[in-house]
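Peer 1: let me see the structure of the following:
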Amino acid sequence: MMTILRTPEERFVNLPGYNYAPHYVDINGMRVHYLDEGQGDTILCLHGEPTWSYLYRKMIPILSTRQRTLCMDFIGFGRSDKYSQEGDYSFSMHLKTLRGFIEALSLEQITLVVQDWGGLTGLTAASQMPERFARLVIMNTFLPTGDEPASEAFMQWRQAARRFGKRMPIGRIIRSGMADADKVPKGVMRAYEAPFPDNTYKAGAAVWPLLVPIRPDDPGAAEMRGARAVFSEWEKPVQTIFSDSDPITSRADILFRRLMPVAREQPRITIENAGHFLQEEKGPQIATHIQEFIDRTPIG
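Peer 2: The predicted model follows:
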């Protein structure tokens, strides 16, 4: 029997730098949490593994000054509902949730900001409903189809995730993905762990690395292959922003810029002294780059 878990609200009280009001919408029988700050054109920010909307807290003050800025928590993460069993998670479920979220909120002319699994899911959604999107900001992610060998760094991470299972040490993993983890206060690490009162809540985090396609017939591979085909002819503005110290997605920005000729119309931005979770380490700098990109590419 499918069991749905909901993290108690008291877990999210007094988190450092996170004074944003929660918003909720029901998607396919699950309560999905999101932040909704500011007014204007829509920015949709999507997190990855094993984080949540807290990852964008340093960027929201800059972006929401002139735009409506939304940050969604995927199922299994943050304040969104969580399945208790790994088998209830799938690429299809996450994609349907995101598409349902966009439709439920009637989002249009979206500037999509993605990182990690936010990219795999968000970019696929954009390729399937392009009429909803105005711009793409692609950060530390990739579009795996299983047609090329996965990197050694990713396979090591995948094997570690399989060993951890629901015992995954969330804070330790996030620290290991930073260029300078010593600068991150302990309270911030506790905030990333807040959605998971105990290991029963970690099924989504445990399984997400294992859902990345590594073979051509893996679930999600066909959808991401289709996304690549769409993006090879994409004409809307694209900005890549990758960090210099992430072994998982190293040089993937070059692949995106080759795949999407329109991406080469924008500068190649590399964030120095930042690891996989570049929003945590260099959030204000990244938000400024995104605002400048939006200013260079007015809608209409």
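Peer 1: who are the contact partners of residue 280?
Peer 2: 55, 58, 174, 178, 184, 188 (Cβ atoms under 8 Å, 6 or more residues apart in numbering). (Each C-beta comes from the backbone N, C-alpha and C, glycine too.)
Peer 1: can you say which helix or strand has it in it?
Peer 2: helix 278-296 (DSSP states H and E).
Peer 1: could you do residue 217 as well?
Peer 2: Counting by DSSP H and E, residue 217 is found in no helix or strand.
Peer 1: please apply the same query to residue 171.
Peer 2: Going by DSSP H and E, residue 171 is in helix 170-176.
Peer 1: report the beta-bridge partner residues of residue 136.
Peer 2: residue 112, residue 238 (DSSP bridges).
Peer 1: who's in contact with residue 100?
Peer 2: Counting by Cβ under 8 Å, 6+ apart, the residues that residue 100 touches are 27, 28.
Peer 1: what pLDDT is listed against it?
Peer 2: Note for residue 100: predicted pLDDT of 98.
Peer 1: all strands of the stretch 201-300 of the chain, in order?
Peer 2: Under the criterion DSSP state E, counting those that start in this stretch, the stretch 201-300 of the chain contains strands at 238-243, 269-271.
Peer 1: deepest in the core, which of these is it.
Peer 2: For these, the largest average neighbour count (mean count of other Cβ atoms under 10 Å) is found in strand 238-243, namely a mean of 25.
Peer 1: now for that one, which elements pack on it?
Peer 2: strand 133-139, helix 252-259, strand 269-271, helix 278-296 (3 or more Cβ pairs under 8 Å, 6 or more residues apart in numbering; DSSP states H and E).
Peer 1: now with 6 Å?
Peer 2: strand 133-139, helix 252-259, helix 278-296 (3 or more Cβ pairs under 6 Å, 6 or more residues apart in numbering; DSSP states H and E).
Peer 1: follow-up on the earlier one: nearest to residue 225, out of the contacts of residue 280: which one, please.
Peer 2: For the contacts of residue 280, the minimum distance to residue 225 (Cβ to Cβ) is 27.9 Å, reached by residue 55.
Peer 1: contacting residues for the closest one?
Peer 2: 47, 279 (Cβ atoms under 6 Å, 6 or more residues apart in numbering).
Peer 1: okay, it: pLDDT?
Peer 2: 98.
Peer 1: doesn't it lie inside a helix?
Peer 2: Yes. Under DSSP: H, G, I helix; E, B strand; the rest coil, residue 55 falls within a helix.
Peer 1: ok, it to residue 113 distance?
Peer 2: 11 Å (Cβ to Cβ, to the nearest Å).
Peer 1: returning to that earlier point: so what does the helix holding residue 171 touch, helix or strand wise?
Peer 2: Short answer (3+ Cβ pairs under 6 Å, 6+ apart): helix 170-176 packs on helix 186-193.
Peer 1: what does the helix it packs on contact?
Peer 2: 15, 16, 54, 170, 171, 174.
Peer 1: grab the nearest non-local neighbour of the fifth one.
Peer 2: Excluding its sequence neighbours, the residue lying closest to residue 171 (Cβ to Cβ, 6 or more residues apart in numbering) is residue 189, at 3.9 Å.
Peer 1: quick check: closest non-adjacent residue to residue 8.
Peer 2: residue 197 (6.8 Å).
Peer 1: that neighbour: how many residues sit nearby?
Peer 2: Residues lying near residue 197 (other Cβ atoms under 10 Å) number 14.
Peer 1: check what pLDDT it gets.
Peer 2: The model's pLDDT for residue 197 equals 98.
Peer 1: the chain: helices as residue ranges?
Peer 2: Taking DSSP state H to define them, one finds helices in the chain at 60-63, 91-104, 117-128, 152-164, 170-176, 186-193, 203-207, 221-231, 252-259, 278-296.
Peer 1: pLDDT (mean, whole number) over the fourth one?
Peer 2: In this case it means helix 152-164. 94.
Peer 1: buried residues in that helix, which are they?
Peer 2: Across helix 152-164, burial judged by 16 or more other Cβ atoms under 10 Å covers 154, 157, 161, 164.
Peer 1: circling back to that earlier point, contacting residues around the helix holding residue 171?
Peer 2: By Cβ under 6 Å, 6+ apart, helix 170-176 touches 50, 181, 189, 192, 193.
Peer 1: please repeat the previous calculation with a cut-off of 10 Å.
Peer 2: 49-52, 55, 157, 160-161, 164, 169, 181-182, 184, 186, 188-196, 202, 205, 275-277, 280 (Cβ atoms under 10 Å, 6 or more residues apart in numbering).
Peer 1: cool, thanks, signing off.
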